[in-house]
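Student: Requesting a structural model of the entry that follows:
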Amino acid sequence: MPIITKRVHICCILCVSNLYGRLSYGSKTGSSISGKEVPDHLCGKKTGCILNSIYAGLQDASLRVNPPLDTSRQVREHDCYTLIAPAKNYRFVAKVVTICVNRLNNTLPLADTAGRPMTLDPVPTATGTIDYYPYIESEYRSPRPVEVWLPEGYESSPGERYPVLYMHDGQFLFHHGSTLLETDWLWDVDITMTRLIENGEIRPAIVVAVWTGLDEKPNRGLEYMPQKPVGEMMISRKRVFKGEEVISDNYLKFLVHDLKSFIDKTYRTLPDRENTLVSGSSMGAMISAYVISEYPDVFGGAACLSTYWNMGEGVVLTWFKEHWPEAGAHRIYFDHGTETYDADHERYQLKMDDVMRSKGYRSGEDWISRKFEGADHSPRAWRERFHIPLKFLLGN
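Tutor: Numbers count the residues shown, from 1 in each chain. Below you'll find the model as predicted:
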């Protein structure tokens with residue numbers, strides 16, 4: 001049975017500071033939060049403090065642990081647990097920390113000190129490895145997690161290099177290790193990639209999932225709304241974001257200058273334009289299109305599902321008439337449904353289709369625009385058709 005593994009790359013450790021359940025949280029930069037109380041029923045008087053009392057900056061009132069703690073025994077060395085707590089002010093997203101126990105020197109590292117991958121429960125329809133980074137430092141945006149899915153065979157094929165697909169809304173993308181398995185909020189990108197690769201329909205590729213900020217400022221809309229087409233006057237007049245500053249230009253700088261640089265240095269990528277791709281849905285689709293217009297020499301293809309052109313009443317489309325790259329070096333996929341938020345997408349997408357024709361793109365060759373009757377504006381709908389843009393961008 002194929003197994004997908006998740007490796008946590010983290011520079012922070014949680015330490016049991018005494019025998020009675022007080023703990024400190026530190027990082028290699030030296031900052032710390034100390035003295036957090038652990039509920040009495042979760043921690044004994046020995047150094048084997050019960051693991052589900054330990055968390056990284058999360059409120060313990062709604063903490064869940066997977067697998068459930070076996071209270072009949074002490075936590076053992078190398079036990080692994082996933083700690084889950086809902087993010088503040090957004091009930092659909094959970095913050096997740098996976099911890100493996102190493103009781104040497106009374107420390108509980110968030111990753112095995114030997115650097116071993118943490119093997120989670122098998123997912124029969126997905127293979128590969130997910131590397132989890134709690135944050136990638138940047139001067140352009142606040143730190144948030146990034147996950148990297150490596151296709152099966154990456155470790156055993158040291159001479160092979162891979163295309164890279166960068167995707168937004170990263171906490172909704174991968175089936176394995178997610179806290180949203182009982183909802184329709186997952187794209188299951190790892191499952192779709194596995195199936196298409198095993199069937200020989202696409203080239204093996206690396207997927208980089210960039211988490212978005214849903215419960216903090218600046219929020220998702222400010223990062224994903226194309227900045228240059230809008231301007232502060234448009235934002236204020238339409239009250240799209242209540243006068244707050246759009247910062248998507250900085251988000252793109254993070255993608256290009258910080259994240260892509262890190263990925264290309266860390267993994268065996270094909271870093272050229274043809275093999276650097278981007279994808280997203282809704283506002284994530286709009287920022288994906290903006291990436292192509294702003295960095296046409298870096299990104300060679302985009303998959304934009306249910307693009308939310310409606311935001312700002314199509315102002316982005318007007319801007320693209322003058323700033324969209326000419327055909328010849330890019331492959332672009334657009335689609336939309338007909339229900340819920342997608343019900344009003346067609347009239348805007350037809351305008352973008354006109355832009356594509358005016359720039360010399362040929363339908364079915366370097367550009368696709370599709371309508372899916374009855375499809376709504378949801379991860380479930382995008383999951384069901386994501387194989388189509390993947391085959392267009394990565395097909396053999």
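Student: rest of the way, CA atoms for contacts and neighbours
Tutor: OK.
Student: which stretches of the stretch 201-350 of the chain have low pLDDT?
Tutor: Where the stretch 201-350 of the chain drops to pLDDT under 70, the residues are 214-218, 232-243.
Student: Run through the strands of the stretch 101-250 of the chain in chain order.
Tutor: Taking DSSP state E, counting those that start in this stretch as the criterion, the stretch 101-250 of the chain carries its strands at 107-109, 118-119, 128-133, 146-150, 164-167, 206-210.
Student: Would you reformat those strands as a markdown table and include mean neighbour count?
Tutor: Output for the strands of the stretch 101-250 of the chain, formatted as a markdown table (neighbours: other CA atoms under 10 Å):
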| stretch | mean neighbour count |
| --- | --- |
| strand 107-109 | 20 |
| strand 118-119 | 18 |
| strand 128-133 | 21 |
| strand 146-150 | 24 |
| strand 164-167 | 25 |
| strand 206-210 | 25 |
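Student: If you average pLDDT over each of those strands, which is lowest?
Tutor: Lowest mean pLDDT within the strands of the stretch 101-250 of the chain: strand 107-109, at a mean of 34.
Student: Any idea which of the strands of the stretch 101-250 of the chain gets closest to Ala289?
Tutor: Minimum separation from Ala289 across these (CA to CA) falls at strand 164-167, 12.1 Å.
Student: which other residues reach that closest one?
Tutor: Strand 164-167 has contacts (CA atoms under 8 Å, 6 or more residues apart in numbering) with 205-210, 269-271, 275-280.
Student: That strand pairs with which strands, and in what direction?
Tutor: Within its sheet, strand 164-167 is paired with strand 206-210 (parallel), strand 276-281 (parallel), according to DSSP bridges.
Student: and the longest one, C-alpha only, in PDB?
Tutor: In PDB, the C-alpha atoms belonging to strand 276-281 read as follows (Å, rounded to 0.1, in the frame of the first residue of the first chain):
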ATOM      1  CA  THR A 276       7.600  27.400 -13.400                       C
ATOM      2  CA  LEU A 277       3.800  27.400 -13.100                       C
ATOM      3  CA  VAL A 278       1.200  28.900 -10.900                       C
ATOM      4  CA  SER A 279      -2.400  28.100 -10.000                       C
ATOM      5  CA  GLY A 280      -5.300  29.100  -7.800                       C
ATOM      6  CA  SER A 281      -9.000  29.600  -7.600                       C
END
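Student: right, so of the strands of the stretch 101-250 of the chain, which gets closest to Ala303?
Tutor: When the strands of the stretch 101-250 of the chain are compared (using CA to CA), the closest one is strand 164-167, at 9.5 Å.
Student: Restrict that closest one to CA atoms and write it as PDB.
Tutor: Output in PDB follows, covering the C-alpha atoms of strand 164-167 (Å, rounded to 0.1, in the frame of the first residue of the first chain):
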ATOM      1  CA  VAL A 164       7.400  23.400 -10.000                       C
ATOM      2  CA  LEU A 165       3.700  24.300  -9.600                       C
ATOM      3  CA  TYR A 166       3.200  27.200  -7.100                       C
ATOM      4  CA  MET A 167      -0.400  27.200  -5.600                       C
END
